[in-house]
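Engineer: here's my sequence, what's the structure:
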Amino acid sequence: AFFAYKLEHESKHCNGKGFQRQGSSSFDRVYTANQNCGHAYPTFLAVLWCAGLLCSQAPAAFAGLMYLFVRQKYFVGYLGERTQSTPGYLFGKRIILFLFLMSVAGILNYYLIFIFGSDFEIHIKTITNAISPLLLIP
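Structural biologist: Sure, this is the predicted structure:
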C-alpha cells in the first residue's frame, strides 16, 4: 500500500493528470522501484511458503518479516539515489538465499526419510533457528 501510495502521489505531483508513464526523473525512480518490488514478490512468496512448510515455520516467518523491512529500505533508498538502494537489494538477496536453502534442506530431509528412513528434521530446525538471527548482521 505504501508503494502504491507513493507512486500515485508522485504521478499526480509531476503531471496532475492521473497515472501516466511520462514524468520527471523522480516519478521514474518511484515507478521503477515499484516495478522492481512487484517483480520480486512472487519469488519471495514461493520460497517463504516452501521454507515454512518444508523446513521450519519460525525462522521462515522471521526471515519473511526481515525481507519486508528490507524491501521498504530498498524502496526508500531508490527514491533518493539509485546507489542508496544497493544495501537493501543485497540484504534482500541474502534473505531470499536463506529461505531457498531452508527449502532445499526440507526437500532433502523428505527424500532422506523416504529413501533411507532417517529423519533430520530436529537437526535442521536447530540449525535454522541458530542461523536466522545472523540475518540481522548487515
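Engineer: where's whatever helix or strand Val104 lives in relative to the chain centroid, distance-wise?
Structural biologist: Val104 is part of helix 86-116, with elements assigned from DSSP states H and E. In terms of CA atoms, centre = their mean, to the nearest Å, the centre of helix 86-116 is found 13 Å from the chain centre.
Engineer: show me the contacts for the closest residue to Val47 other than its chain neighbours.
Structural biologist: Nearest non-adjacent residue to Val47, counting by CB to CB, 6 or more residues apart in numbering: Leu99, 4.0 Å away. Where C-beta positions appear, they are placed from N, C-alpha and C, glycine not excepted. Leu99 makes contact with 44, 47-48, 50-51, 60, 63-64, 67, according to CB atoms under 8 Å, 6 or more residues apart in numbering.
Engineer: in ChimeraX, how would I select just the buried ones from those residues?
Structural biologist: Here is the ChimeraX command that picks out the buried ones among these, judged by 16 or more other CB atoms under 10 Å:
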select :44,47,48,50,51,60,63,64,67
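Engineer: which of the contacts of Leu99 sits closest to Pro87?
Structural biologist: Checking those against Pro87 by CB to CB gives Tyr67 as the nearest, at 14.0 Å.
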